[in-house]
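Novice: Predicted model follows, preceded by the sequence.
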Amino acid sequence: MSQRIPITVRVNGVTYQREVEPRLLLSDFIRHDLGLTGTHVGCEHGVCGACTILFDGQPVRSCLLFAVQADGHNILTIEGLAPDPDHLHPIQEAFHDAHALQCGFCTPGFVMTLKPFLEENPDPSDEEIREAISGNLCRCTGYDHIVDAVHLAADKMKEASS
Amino acid sequence: MKPPPFDYYAPDTLDEALALMAQHGYGAKALAGGQSLVPTMNFRLAAPSVLVDLNRIPDLSYIRLAPDGGLLIGAMTRHVQAEKNPKVADKHPLLHATMPNIGHPQIRNRGTLGGSIAHADPAAELPALMRAVQGRIKAQSARGSRWIPADDFFQGFFTTALAEDELITELHLPPLPAGSGWAIEEVARRHGDFALVGAFAILHLDGAGRCDHVRISLFGVGDGPMLATTAMGVLRGEKLDDEAIATAAEAAAQKDVDPPSDVHATASFRRHLVNVLVQRTLTQALARAAGQEVTA
């Protein structure tokens, strides 16, 4: 029991080497071992989406992975999204501008879910947006302002790349 | 909400994985996408003493054309890979139509087809799809391999024909009969959540317009994926119209299912949904069999 396994993980461009117990969830590893508390933990059974991170570029629920499985993989969390400390990512800006958050607990999960979605779908419809965020729960906003923010973010990202 | 301790192995080859399963037997669980196993471990509903992580085995992830014109799919193929695969869209429109109903985008990025079949959730789409298309499941162990027909594979609540040392390595989905119609419909409180009830229908008409092949497979209504055998009997050999479809749907709801009541839905609501969904899927399948475009 209490086997400990060495892992090497790249998170937000920084390489970390740690020893972990196999049962340590990736969400807890990110928060407690690495101190990156922007990734939030809601339900811990894959329903709420608050803990969504990018795992090799794809949004996944970090509460449904073990840290040991991340060995050799590349992770992006909400802390790694903004280009520098003085500027937000366009999706973050759009959430701010469109009032797409109230308590903010679910927001990092939404933003991480939306980054690859908007990169693949630069001009999404309301329906596509609602499908994309179907795995993220928000108990404050009623989602309308989030959908507005996604449209706004799409415009901002198009502007930035043109 | 944290999983109990276990020993962890991440073999690089299938042979190593099979040896580990043979060595650890009942206490060992294979970790595929983990989208069902990890929640049950977090809730401590499951407490395997050993996890054999299959994610480092590269050759279990593929989608190939089968000699019969259907598909052979490696067990570790992730849902998103099947969802976006042009071969699936082209050769198996029913599987293609099924994929977006499975979980949410984040779940489909990790979850695997083999894992979903092995987990055998009674409310999941893929086990019911495998019964609808009369698919086969390849089980491998250190002792050898065997193909198990989907109709024999699912044996009850989260229970399958897999022996404790066996892993699913491949799925075979035969092609639908040429000219047949198909449909999937489900009702869930939130898109992507487990369905309260779902239905698959596949049907084929002979030259005289009579039904000579029909499969109706239901999920969310029993202890596993279920065939609506009475309803299928009502349709076989008949000319299909709205009345025949209504009679079959009523038979499915009243005779083929004995659905559970739980916090999500009452038994009578589920029975009502069976009736509605069997009607909808048969109507769509009939239209497709007649060569019409259907937008579900």
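Specialist: Everything's here; your move.
Novice: give the contact list for the most centrally placed residue in chain B.
Specialist: Geometric centre of chain B, nearest residue: B:Leu126, 1.7 Å, by C-alpha atoms, centre = their mean. By C-beta atoms under 8 Å, 6 or more residues apart in numbering or on different chains, the contact list for B:Leu126 reads B:Thr98, B:Ile102, B:Leu113, B:Ser116, B:Ile117. Yep, even glycine has a C-beta here, placed from its N, CA and C like the rest.
Novice: wait, what's in contact with the last one?
Specialist: Listed by C-beta under 8 Å, 6+ apart, the contact partners of B:Ile117 are B:Ala75, B:Leu126, B:Pro127, B:Met130, B:Ile137, B:Phe153, B:Thr160, B:Ile168, B:Leu171.
Novice: The residue in the stretch 101-250 of chain B positioned nearest to chain A and A:Ala132: what is the separation?
Specialist: Of the residues in the stretch 101-250 of chain B, the one nearest chain A is B:His104, at a distance of 2.6 Å by C-beta to the nearest C-beta. In this view, B:His104 and A:Ala132 are 9 Å apart by C-beta to C-beta, to the nearest Å.
Novice: same check, this time on B:Arg146
Specialist: Using C-beta to C-beta, which is the criterion applied here, B:Arg146 is 41 Å from A:Ala132.
Novice: More neighbours: the two, which one.
Specialist: For the pair B:Arg146 and A:Ala132, the greater number of neighbours falls to A:Ala132 (23 against 14), based on other C-beta atoms under 10 Å in any protein chain shown.
Novice: nearest residue to that one other than its sequence neighbours?
Specialist: Distances taken as C-beta to C-beta, 6 or more residues apart in numbering or on different chains place A:Phe117 nearest to A:Ala132, at 4.5 Å, with adjacent residues excluded.
Novice: Give me the three-state assignment for that neighbour.
Specialist: In three-state terms, and counting by DSSP: H, G, I helix; E, B strand; the rest coil, A:Phe117 is helix.
Novice: pLDDT weak spots in the chain?
Specialist: No chain specified, so I'll use chain A. When residues are selected by pLDDT under 70, those of chain A lie in A:1.
Novice: My question was about chain B, not that one.
Specialist: Counting by pLDDT under 70, chain B contains low-confidence residues at B:296.
Novice: Need phi/psi at residue 92.
Specialist: Going with chain A. Backbone torsions of A:Gln92, given as degrees, to the nearest 10, read phi -60, psi -40.
Novice: Wait, chain B was what I had in mind.
Specialist: The main-chain torsion angles of B:His92 are listed as degrees, to the nearest 10 and equal phi -140, psi 70.
Novice: what's the neighbour count on the residue nearest to A:Ala132?
Specialist: There are 21 residues near A:Phe117, going by other C-beta under 10 Å.
Novice: same check, this time on the one 5 residues further on
Specialist: The number of residues packed near A:Pro122 is 11, by other C-beta under 10 Å.
Novice: separation between it and A:Ile133?
Specialist: Per C-beta to C-beta, A:Pro122 is found 17 Å from A:Ile133.
Novice: rewinding a little: render the CA-only coordinates of the host helix or strand of the residue nearest to the centre of chain B in PDB, please.
Specialist: Remark: B:Leu126 resides in helix B:125-132, with elements defined by DSSP states H and E. Presented in PDB, the C-alpha positions along helix B:125-132 are these (Å, rounded to 0.1, in the frame of the first residue of the first chain):
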ATOM      1  CA  GLU B 125     -26.300   4.200 -25.500                       C
ATOM      2  CA  LEU B 126     -23.500   1.900 -26.800                       C
ATOM      3  CA  PRO B 127     -24.600  -1.400 -25.100                       C
ATOM      4  CA  ALA B 128     -28.100  -0.900 -26.600                       C
ATOM      5  CA  LEU B 129     -26.600   0.000 -29.900                       C
ATOM      6  CA  MET B 130     -24.600  -3.200 -29.900                       C
ATOM      7  CA  ARG B 131     -27.800  -5.200 -29.400                       C
ATOM      8  CA  ALA B 132     -29.600  -3.200 -32.100                       C
END
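Novice: Report all helices and strands that the helix or strand that it is followed by contacts.
Specialist: Note on helix B:125-132: by DSSP H and E, the next helix or strand toward the C-terminus is strand B:136-141. Counting contacts by 3 or more C-beta pairs under 8 Å, 6 or more residues apart in numbering or on different chains; DSSP states H and E, the secondary-structure elements packed against strand B:136-141 are helix B:14-24, strand B:144-149, helix B:150-153, strand B:167-173.
Novice: my guess is B:Ala251 meets B:Ala231, correct?
Specialist: Yes: taking C-beta atoms under 8 Å as the contact criterion, B:Ala251 and B:Ala231 are neighbours in contact, 4.6 Å apart.
Novice: So the residue of the stretch 101-250 of chain B closest to chain A is in contact with A:Leu137, correct?
Specialist: No: with contact defined as C-beta under 8 Å, B:His104 does not reach A:Leu137; the gap is 10.3 Å.
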